[in-house]
Every structure is written in structure tokens, then in C-alpha cells.
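Visitor: Predicted model and sequence below, questions to follow.
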Amino acid sequence: MADEKDREETAVAEFHKKIKEAFEVFDHESNNTVDVREIGTIIRSLGCCPSEGELHDLIAELEEEEPTGYIRFEKFLPVMTEILLERRYRPIPEDVLLRAFEVLDTAKRGFLTKDELIKYMTEEGEPFSQEEMEEMLSAAIDPESNSINYKDYISMMVIDEN
């Protein structure tokens, strides 16, 4: 029992250190607050992948009774620690991503063209914003073929949790 408690305390201490480091990158005034618009980036830098809806709900939970446009570290730390302990917002596994791309690649070519990718990412499901789309294209599209070899892209993007 004591070993398990020690392991959890060690994990919590490690999470606190990572959360503080990630938060401080965006605490430009060094006053223990960050712009609410940076919260998604901070959370994603900690290996969590919430949807926009989940992120919106989380921000609503973090904001004070009267939203100021800033999130305080004291509010963020316990909520983010709990998220990491519960392993919420985990990234989608590699095999699931691969199957999703294969569904979109009806011709089974092993790639999608830039135009196909834009169409799927902006017209289906939770659409990407223009900024998100440009960021993804810059990382995903091979400039020579103007397409994405999705197996290579997935292996580059997946976080190895081992």
C-alpha cells in the first residue's frame, strides 16, 4: 500500500513539474497567469488531445466566475493534474488513425492529395480552422508530390507512450 502511495506521490510531483514548465512558457508577465487562448496549446504540449468542445468545457471550468481572459496557475494546476492522472484526452492510437486514412483513400493508393485532405479536414466532422489547416499542411504535405503519404505522416506524429 505504501509503495503505491509513494508511486502516486512521485507521479503527482512529476506532473506538477511538467505542468509548471509548460505554463511558464506562456506566462509572459511572470504573474502566474496565461491568456485563455493559450490553454489548448499548453494542454496539448502535455500530451493531451481534447476536442474543441472538450477544450471549451475545460476552459469554462478553469475561468473565474467573471471571465478575465486569463487563467491563473492555481486554478490550472489541480485540474490539469487530475487530467493527467486520469489519462484523459489521450491521443488516438496509430492503428485507428491508419484505418481512418484508409477509409478516405478509397483507391488504396497510400496517399491523399492536398485538395482531398483540405476537403476532408474542412468539410467533415469537427472542421479545422484556416490556421490549423495551414499548420497541418506545412507538416503533412510533400511539396514535390503535393500529397500526404499518410503512413509516414502518422508514424511521424504519433506519441510513443512507452
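Guide: Received, thanks.

Visitor: Count the residues that sit near residue 38.
Guide: Residue 38 sits with 18 neighbouring residues when counted by other C-beta atoms under 10 Å. For glycine as for every other residue, the C-beta is placed from the backbone atoms N, C-alpha and C.

Visitor: gap between it and residue 74?
Guide: 16 Å (C-beta to C-beta, to the nearest Å).

Visitor: And residue 116, by the same measure?
Guide: Residue 116 is 46 Å from residue 74, by C-beta to C-beta.

Visitor: Same question for residue 117.
Guide: Applying C-beta to C-beta to residue 117 and residue 74 gives a distance of 41 Å.

Visitor: Equivalent analysis for residue 57, please.
Guide: 20 Å.

Visitor: ditto for residue 143
Guide: Shown here: residue 143 relative to residue 74, a distance of 46 Å by C-beta to C-beta.

Visitor: quick one on the thing from earlier: looking at residue 57 and residue 74, which is more packed in?
Guide: residue 57 (12 against 9).

Visitor: got the contact list for stretch 147-161?
Guide: 47, 91, 93-94, 97-98, 101, 105, 110-114, 117, 139-142 (C-beta atoms under 8 Å, 6 or more residues apart in numbering).

Visitor: domains of the chain?
Guide: With domains defined by automatic domain parsing, the chain comprises 2-86, 94-157.

Visitor: ok now the first one, how far from the chain's centre?
Guide: With C-alpha atoms, centre = their mean, to the nearest Å as the basis, domain 2-86 stands 13 Å off its chain's centre.

Visitor: ranges for the strands of this protein?
Guide: For the chain, the strands defined by DSSP state E cover 33-35, 70-72, 111-113, 147-149.

Visitor: one step back: so which of the contacts of stretch 147-161 belong to helices?
Guide: 94, 97, 98, 101, 114, 117, 139, 140 (DSSP state H).
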